[in-house]
Each structure stands twice: as structure tokens, then as C-alpha cells.
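In: Everything below, folded, please.
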Amino acid sequence: MGGAWWRWGGQPLPAALWWLATAGWVGLLTLVLRQGVAAWGVWPRGARLLVGVLALAAAWWALVTLHRLGVAVLLGALLLVWVADIAAYFGGRAWGRRKLAPNISPGKTWAGAASGAAAVLALAGLWTWAAQWPVVGPWLAEGFYPRLGQGGTAAALVWLVLLTALSIAGDLFESLVKRSAGVKDSSGLLPGHGGVLDRIDALLPVLPAAMAALAWQGA
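Out: Below you'll find the model as predicted:
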């Protein structure tokens, strides 16, 4: 787990920080989503502001570090979120019956969540297989998914499912915050897209967790 890539600004960055950030996200999302929309507004304003600042800082930190590991590493982590989101949308529309969180985001279903997880696993398998190709293989082999598999396939699968769950939960969290505030869009910077936070909501918990996964796998 050693090496220069665990450094930030020349200083060693303990892998435990990424595990702590991931555990923090799991705890926060579990608590907030269980409490529901109304409870979020009861939280002290300072606490909510602190959550936002820490979430953005951790995600940016992880983004920069993943990029320093290599473009293929960062691209793999980003693709995980994008593929999960797209597959969840189409899977939910095709087979969705049981709502995942009707009071927060009525459009999300358990079938959509399962579709997202299946698509992520397929992406990981396809990427790992393509890493054996003669032309693009060397570049792909340095990517997120081959690195994640270095510590064992079983652990990698668990991490992929967790990352997918965090992606979906991050999306739900942002929907909850908007409903609590009584707004449709988080900002007007991206008209028709719900605001900037709608574009990065799933990335906020996933990027630090992706770093934690690589650290756990010794990659």
C-alpha cells in the first residue's frame, strides 16, 4: 500500500483516512435516508454546512489523487457512476415496480438499483478482459478495475457493489436535500440538469470510497 501515490502535497496520506471517509459516508447516508426529508431541515445549520464542506473537500481530494494515479484509474471510477446511473434509469423503466425511496425520489426502484449493480459488474469484467488486448491493453491494465482486482476477486466484487450502492445513495441524498429546501434545482448554472449538484451528487461519496477500495486491495 506504500508508494508516492498515497501522498498529497508531498506529505504521506494514510489510507485510513479514505476508509474513515467511506465509513463516514455510509453512516451519514444510512442515518439521513432513514430519517427522511423532514428531519434534514431540523439538523443545525452549522452541521449541514460542515457536511457539505467535508463532502466537497474529500471528493476533490480523491479526484486529484485518482488522476495522479493515472487517467485510466480516474476514468474507471467516473464510468462506474455513469454506467450505474444509466443502467438504473433504463432498468427501472423496464422492470421497476417496487419503489426504492418513494418519499425522496419516486422514480427510483429496486429493479433499477439491481440493474445498476449488474451493469457495473459487467463494466468491470469487460474492462479487465479488454486489458489483455495487444493495443489498448497496457493502458487499460493500469486502470481502476485491474488495480481493484489485485487484492482478490471476492473483495473486489464486494467493493464494486458498495460503490454502486454509494452512487445510488448519493443521488438520493441530494434529492432529499432539495426536497427539504423546497427547490427543484440545486442551482441555475446548468439549466435543465437540476444544477451542479445533480451532476456530481453520486460522485461525492464514490470518489473517496474508490480510493479506500484501492487502498484496501493494496493497489
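In: Isn't residue 141 up against residue 129?
Out: No: here residue 141 lies out of contact with residue 129, judged by CB atoms under 8 Å, at a distance of 11.1 Å. Using the backbone N, CA and C atoms, a C-beta is placed for each residue, glycine as well.
In: And the strands in the protein, which stretches?
Out: For the chain, the strands defined by DSSP state E cover 7-8, 11-12, 99-101, 105-109.
In: before we move on, back to that, compare residue 141 and residue 129 (neighbour count), which wins?
Out: Neighbours around residue 141 and residue 129, counted as other CB atoms under 10 Å, are more numerous at residue 141. The numbers are 17 against 12.
In: For that one, give its distance to residue 128.
Out: Distance of residue 141 to residue 128, given as CB to CB, to the nearest Å: 9 Å.
In: likewise residue 121?
Out: Taken as CB to CB, the span from residue 121 to residue 128 is 11 Å.
In: Model confidence for residue 120, exactly?
Out: pLDDT recorded at residue 120 is 98.
In: what's near enough to touch it?
Out: Residues near residue 120 by CB atoms under 8 Å, 6 or more residues apart in numbering: 80, 83, 84, 87, 160, 161, 163, 164.
In: Which among the residues you listed count as buried?
Out: Among those, those classed as buried by neighbour count (16 or more other CB atoms under 10 Å) are 80, 83, 84, 87, 160, 163, 164.
In: got CSV for the residues you listed, with pLDDT too?
Out: Shown next, in CSV, are the buried ones among the contacts of residue 120 (pLDDT from 0 to 100):
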residue, pLDDT
80, 97
83, 96
84, 96
87, 96
160, 97
163, 98
164, 97
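In: So which of the residues you listed is the closest to residue 53?
Out: Closest approach to residue 53 among these (CB to CB): residue 163, at 22.9 Å.
In: Confirm for me that the closest one is in contact with residue 80.
Out: Yes: between residue 163 and residue 80 there is a contact under CB under 8 Å: 5.8 Å.
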